[in-house]
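> Okay, structure incoming, though there's no sequence with it:
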């Protein structure tokens, strides 16, 4: 069996594991107050060209989204997000559990448009009863999106401008940031992300770490008392250095970007294999998530040897499926998959 | 420098790390739906003699406390806890952030008394304005407590009875459970805990794991929809097997209990070393946390070679300090500490 | 100037005010524990043919919605509602502030369909990742809706069945219930509402009272500890008898229904006046809210003598407006309005 | 039977009722956007000598406390209050329901001391683990307190200074403010309150209104978006002018202060009546709440003709009781009470 279900099915990249093993017997203070964590933060500030940024390490994506959003919004505000945004669909209402509404915008293959952001905010303040409605207090987008798509630099600049003209911060969920930066045709750099967002995170869980998300706060007026909030959200890891060590391994010599590139390369090969066999992609994704609409018999036969997820309900004759590559996906895995497509 | 600051200063026990390394390249489904996690749950049910129990794995203590308490209480209820309870003092208001009051009981070196529990509940329902007050909806205790003390079996049975007669569940925070079970003079077994509590957790973070707490729900009427709540609290680990693997390692052949015993043995030697040098324990703790009131000059000199925490503010002439042993504390560490006490 | 902005622009019906004046110097215990409140509850139970029902009196609609929903839902659940539902649009995120997501259904002039309810629930439980999504825990509908429309008895029975087959309660927002029951062509009685809903409320604020909403809990398994929750939500009126007295006045001899009928009759005359002058209703509403799309010059001229609300943004040539009648609207008001339409 | 249970047992002062009756048929816009409300706010600003203040009208005390506190605190902060504070004891956990801990200070007959405030804040920031604890974000006090006592001007100035030196706002619960200002020996004026507090409220419910609390925000940096928050808390009255009208009646010609004086005069006579009969006050209260410890047989005989509340549990031989005068208490009521004390 070969696995393409997700990018969090294996453990961590061997270099990450080695770092954990090498330091296992050392004793350090807890909760991220150790030197490894400080060094990881510094490496990330350098990679982002953001010397002023504060960097915090949390364990997982849902907790990071809820903690950041809860820390930014005033009580009467909600967070703008694509209808398809992870916080709106697949986080069990974690944002609402902190007391805030998710205000939805149309999703264009997972992306929002700067115009929709402007229009929402403009309509809100024009409405006579706006004080009875939930004020848009920030924008959440994901890069890449839940559909594997990425924003162009121009799109991201427009969105960032729309937010800042309206006086609301832009938060970028980078759970799969490494794969977005390595996307085919992508013209957005990590430095662009740091320059255009007010706060974002660099996902580790899906990009080679055992777990961990590095929150980068580039707007110094935000999240000034973030550590007690992280603690309150149950997101402050006792052995905090585990996060520092992993991000040190990922950023000391560019491993994070290497994993991004290699994983996307495998995805490109995977997509080509499907196309070579006459199956067109359901979404034109340039990252490590690939979507195909396949005849049900093909799906059933593939399932004998390959593990992958259905994307939505099974159709009458054909269904959409998702294939994801990860740091541990090999060229051999792709070759084997291609062989199962030939029948 | 030798370290006695806490029991979460090193990585994980080598057998735990080995298990993670051995399985690192395997691919499994996420969120704890894998076979390792199922096996760990089964091992824990057996160790608890609680075949009916549901077992869930979360990452850390604060998130576990908040998620369990939020899942049990009705909206108008609060949680009873010792004034000194971790949820009341050191979790940044995580329980209140879920909307619930911590109703405090007197603390007797960290412990509550069955009588105080009964009296609180009885007074509440006798009060004419009880509907304007926060109803006691459950009891939280820790075993061992934040002061290193443990309940006797008799005390625990009385507390459990007091709760069940009043119709409220008993929740035991076992962040350091391994050290409580191994405490000198302790007559409480893991099976007793499982029998007397409605829900409790077996702490991994402080007892040999990298991280992880195993929640054991022995009362089947509680927490029926716990997984979405764990997700909502940001406490559902994507690579969930990491938790299963670590608890498999801890419970497959009794490693958890062995770590408990060895760590407490070191603490007993540590306490003896202090007493041999004429320093009396500030609290008579039978577990891995030891408290001493030392003259300030002694503290200052020790600090040159030994790392440990102050317990409360520095006094004018003497101050209370805490020494904690962990899975990685060695006999040599104790010997060295003893040598620094001789001057 | 004559006013058609809303149905809460005047004080209370004279019979309600008389009741308050007549009892003003009496002394009674607070928080609804007085005999007037008990009598009002009994009158409502009789009018509903629901002897088992618990009746609670709150001050306003938004607080009633939030308190009821918060009291019913489990932490991982959300409330289904029409996209246009008041709780989703015009309550400043009060439901989300209690920690719960509003799960939206398509709105058909304010109404939801039983099929959409069924489909939502069915799709939810079929989704492999349903534990990462917000579970539908109850249904909220309004009668009449925010667009003045009402459900037929058949529609309401189907919706009630859809809920109960799925095991979720049906909550009916009756902020304007009196006008729905008196709607032209309506075949739903108060007894039907009480039979088909698990909990609903009888709006007083908009139907002749100074303020007040009577929550009727017909499903005895719900909201068992509602009084402390009302208090917690700041919705327990100290001089609670003010609510009891007003609902006594409204239900002692059918005043509530009389206000409903008379107010709707004025609305029917108002609608006819517009139609007589060639203006068609934008929505075919049988209740006291009437919507028209008028040329902008007509709107501007009317505004000189008549107060009413825009319904949505001003269009380029024409715009939609809302006219609302209330208990204090007179036939003379309608005549004057008609005269302003003739030019 | 004569009633001394509380100060919210009768309706409203006749001048307040007259104002409501006189305007009952008028039509005004809702939610406090009417001219009466604007005028009431202006009258209050003048009475407070606080031209910059924003004034908001809410319905009741618990909802006011929760809304103000929720609007001021950051997510990681709690509110300091006396152990005996209303928010800590008798509001069903309304503050915690908004996600915030009540941090308790010692109560000296209901009052807190400036020194305790300073010490709490100072200890907090000295604690190494302060980021794991709930930060004190504001101070809540009541004037008069739950025990009828009042702060001296000097005490209030010290408390205000302690708050402002620590950078936290002072919030004064004035549910019974009129009785505090009229207290025997009181040297604090309404203008002092407005000068020393950052936000406070003038209670109407207990001081002659049917209901209503006027929140005065004197610190312009606080509660900038208070209206949507009031709506979110279900505390925005639809017929908002009812609040404006009542406070107009109370502040147009000093009625509020007159009610305060007359009610306290009755309480002073009541206290004298008890003392004349040899019963000493349990607390030396200068306001409209009076506490006595009476032999149980005296209590039982009084209960035949007088209604009043027990204050705490019934003792073996004697018990503490509370007598409260209100706007409707007459000299004849006091005379009758005195007559029942003579036997």
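Looks like it arrived, so ask away. Because the structure is a prediction, the values reported are computed rather than measured.

> contacts and neighbour counts: CA atoms only from here.
OK.

> Let me know how buried the closest residue to residue A:135 other than its chain neighbours is, in neighbour terms.
Among residues not flanking residue A:135 along the chain, residue A:77 sits closest, at 4.6 Å (C-alpha to C-alpha, 6 or more residues apart in numbering or on different chains). Applying other C-alpha atoms under 10 Å in any protein chain shown, we find 24 residues neighbouring residue A:77.

> Does residue A:282 touch residue A:291 like I think?
Yes - contact criterion C-alpha atoms under 8 Å: residue A:282 and residue A:291 qualify, at 5.3 Å.

> ends of stretch A:7-25, how far apart?
29 Å (C-alpha to C-alpha, to the nearest Å).

> what does stretch A:106-120 give?
By C-alpha to C-alpha, the extent of stretch A:106-120 from end to end equals 11 Å.

> One more: stretch A:89-104?
So stretch A:89-104: terminal residues 11 Å apart, C-alpha to C-alpha.

> Repeat that for stretch A:288-300.
23 Å.

> what pLDDT does residue A:262 get?
Per-residue confidence at residue A:262 stands at 98 (pLDDT).

> can you map out the strands along the stretch 1-150 of chain A?
Using DSSP state E, counting those that start in this stretch, the strands of the stretch 1-150 of chain A run over A:2-3, A:54-58, A:77-82, A:102-105, A:135-142.

> The shortest one: how far from the chain's middle?
Average the C-alpha atoms of strand A:2-3, do the same for its chain, and the two points are 22 Å apart (C-alpha atoms, centre = their mean, to the nearest Å).

> That strand close to chain B?
Yes - legend: contact between strand A:2-3 and chain B by C-alpha under 8 Å from any C-alpha of the partner chain is shown at residue A:3.

> Which strands or helices does that strand pack on?
strand A:306-307 (3 or more C-alpha pairs under 8 Å, 6 or more residues apart in numbering or on different chains; DSSP states H and E).

> The next helix or strand along the chain from the strand it packs on - contacts with which helices or strands?
Counting by DSSP states H and E, the element after strand A:306-307 in chain order, helix or strand, is strand A:309-310. When contacts are defined as 3+ C-alpha pairs under 8 Å, 6+ apart, strand A:309-310 packs onto strand A:318-324.

> ok, residues contacting the very next helix or strand once past the strand it packs on?
Remark: after strand A:318-324, the chain's next helix or strand is helix A:331-341, criterion DSSP H and E. By C-alpha atoms under 8 Å, 6 or more residues apart in numbering or on different chains, the list of residues contacting helix A:331-341 from outside reads A:2, A:266, A:269-270, A:273-274, A:277, A:302, A:305-306.

> What residues sit buried inside stretch A:248-261?
Going by neighbour count (16 or more other C-alpha atoms under 10 Å in any protein chain shown), the buried part of stretch A:248-261 is A:248-251, A:255-261.

> oh, I was asking about stretch A:4-17
Going by 16+ other C-alpha under 10 Å, stretch A:4-17 has these buried residues: A:4-14, A:16-17.

> Stretch A:329-343 now?
A:329, A:333-334, A:337-338, A:340-341.

> Measure how buried the closest residue to residue A:17 other than its chain neighbours is and give me the count.
Using C-alpha to C-alpha, 6+ apart and skipping the chain neighbours, the partner closest in space to residue A:17 is residue B:21 (7.5 Å). Using other C-alpha under 10 Å, residue B:21 has 16 other residues around it.

> With residue A:304 instead?
Residue A:304 sits with 11 neighbouring residues when counted by other C-alpha under 10 Å.

> just the one 5 residues further on next, same as before
Residues within reach of residue A:309, counting by other C-alpha under 10 Å, total 17.

> Would you check how far apart it and chain B are?
11 Å (C-alpha to the nearest C-alpha, to the nearest Å).

> quick one, what contacts that residue?
A:4-5, A:321-323.

> Check residue A:6 too.
A:308, A:323-326.

> surely residue A:169 meets residue A:200?
No - using C-alpha under 8 Å, residue A:169 makes no contact with residue A:200, being 10.6 Å away.

> what about those two, which has more around it?
The residue with more neighbours, out of residue A:169 and residue A:200, is residue A:200; 30 against 23, by other C-alpha under 10 Å.

> Looks like the more buried one contacts residue A:176 (just checking).
No - with contact defined as C-alpha under 8 Å, residue A:200 does not reach residue A:176; the gap is 11.6 Å.

> Mind pulling the model confidence for residue A:342?
86.

> separation between residue A:201 and chain B?
15 Å.

> Residue A:267 too?
17 Å.

> Give the residue spans of chain A that score low on pLDDT.
For chain A, applying pLDDT under 70 flags the ranges A:343.

> again, only this time at 90
A:312, A:342-343 (pLDDT under 90).

> Kindly report the domain assignment for it.
Annotated domains of chain A cover A:2-7+A:256-341, A:14-253 [automatic domain parsing].

> The longest one: end-to-end distance?
Read it as domain A:14-253. OK, domain A:14-253 end separation, C-alpha to C-alpha: 14 Å.

> One more: the shortest one?
One end of domain A:2-7+A:256-341 to the other measures 13 Å (C-alpha to C-alpha).

> Residues of the stretch 1-150 of chain A that sit close to chain D?
Counting by C-alpha under 8 Å from any C-alpha, the residues of the stretch 1-150 of chain A near chain D are A:70-71, A:75-76, A:131-134.

> how about a cut-off of 7 Å?
Residues of the stretch 1-150 of chain A lying near chain D by C-alpha under 7 Å from any C-alpha of the partner chain: A:71, A:75-76, A:131-132.

> picking that back up, which one of residue A:282 and residue A:291 is surrounded by more residues?
Neighbour totals were compared for residue A:282 and residue A:291, and residue A:291 leads with 23 against 14 (other C-alpha under 10 Å).

> now the helices for chain A?
Applying DSSP state H to chain A gives helices spanning A:14-22, A:35-48, A:61-72, A:86-89, A:94-97, A:114-126, A:153-166, A:177-181, A:190-196, A:226-232, A:241-251, A:255-276, A:296-302, A:331-341.

> May I see those organised as CSV, with distance to residue D:92 added?
Putting the helices of chain A into CSV (distance: least, C-alpha to C-alpha, whole Å) gives the following:
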stretch, distance to residue D:92
helix A:14-22, 48
helix A:35-48, 42
helix A:61-72, 24
helix A:86-89, 31
helix A:94-97, 20
helix A:114-126, 35
helix A:153-166, 39
helix A:177-181, 45
helix A:190-196, 45
helix A:226-232, 22
helix A:241-251, 40
helix A:255-276, 50
helix A:296-302, 56
helix A:331-341, 59
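
> Quickly note the distance from residue A:229 to residue B:20.
On the measure of C-alpha to C-alpha, residue A:229 and residue B:20 end up 30 Å apart.
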